[in-house]
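Q: just coords:
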């Protein structure tokens, strides 16, 4: 015979313990159900936010749109092909209008086109390869600035024409005269979009 006392719980206590365990499991189920509902609600909110962001993004101007190029039929416009063949002179005029500049100022100050050359381009109706490339560069710059300012075109134009310390006192428009300068602006916009201000 064993001398150690065996602890025997009375049946009433066992029932109470079982009842408490059942209640705890029910609370866990209710808690899990509530968490699932919260997760579904958050997923719904996230989906709505993504949908709204996509709609806002679709409302922002495209590079092709800023140039005033309309796709013909079902064909998408290939900017590299268009640049290689020479953009229509009207694309530069359209971009100048978007930038709130005259074609002469855009051409001379930013695209490197002299007035006599500008007159010849207007008559021929086409820009050459380097002029077309520079025109697309400035359209892309305006697009990026507008996206940075969340669709506010006036704020984008103000930012493009504001001297910045990080650009040695030059404006983003002045800095983008070269492809290397435009790439620095691309990086700057990327940093600003991600909250890196140095």
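A: Nice, thanks for sending it over. Quick caveat: nothing in here was measured; it's all calculated off a predicted structure.

Q: which ones are touching residue 193?
A: The neighbours of residue 193, taking C-beta atoms under 8 Å, 6 or more residues apart in numbering as the test, are 147-148. C-beta coordinates here come from the backbone N, C-alpha and C atoms, glycine included.

Q: what's the pLDDT at it?
A: Turning to residue 193, the model gives it a pLDDT of 85.

Q: same check on residue 45?
A: Looking at residue 45, the pLDDT reads 72.

Q: work out for me the element it sits within.
A: Assigned by DSSP states H and E, residue 45 falls within helix 11-59.

Q: got the buried residues for the helix or strand just after that helix?
A: Sequence order places helix 63-67 as the next helix or strand after helix 11-59, per DSSP H and E. If you call a residue buried by 16 or more other C-beta atoms under 10 Å, then helix 63-67 has these buried ones: 63-64, 66-67.

Q: just stretch 91-109 next, same as before
A: Judged by neighbour count using 16+ other C-beta under 10 Å, the buried positions of stretch 91-109 are 91-96, 98-99, 101, 103, 106-107.

Q: do stretch 157-167 as well
A: For stretch 157-167, burial by neighbour count (16+ other C-beta under 10 Å) applies to 157, 159-160, 167.

Q: what's the burial count for residue 184?
A: 16 (other C-beta atoms under 10 Å).

Q: before we move on, what about residue 79?
A: 18.

Q: cool, residue 142 as well?
A: Residues within reach of residue 142, counting by other C-beta under 10 Å, total 21.

Q: where's it, which helix or strand?
A: Following DSSP H and E, one finds residue 142 within helix 129-148.

Q: and that helix, what does it pack onto?
A: helix 63-67, helix 79-85, helix 89-98, helix 153-160, helix 172-175, helix 179-193 (3 or more C-beta pairs under 8 Å, 6 or more residues apart in numbering; DSSP states H and E).

Q: mind redoing it with 7 Å?
A: On a contact count with 3 or more C-beta pairs under 7 Å, 6 or more residues apart in numbering; DSSP states H and E, helix 129-148 meets helix 63-67, helix 79-85, helix 89-98, helix 153-160, helix 179-193.

Q: and residue 140, what does it touch?
A: Under the criterion of C-beta atoms under 7 Å, 6 or more residues apart in numbering, the contact list for residue 140 reads residue 63.

Q: pLDDT at it, what is it?
A: 92.

Q: next one: the one 3 residues further on
A: The score at residue 143 is 92. That number is its pLDDT.

Q: and the gap between it and residue 125?
A: Separation of residue 143 from residue 125 (C-beta to C-beta, to the nearest Å) stands at 25 Å.

Q: please identify which of the two sits among more neighbours.
A: Ranked by neighbour count (other C-beta under 10 Å), residue 143 and residue 125 place residue 143 first, with 19 against 10.

Q: name the nearest residue to that one, sequence neighbours excluded.
A: residue 63 (5.3 Å; C-beta to C-beta, 6 or more residues apart in numbering).
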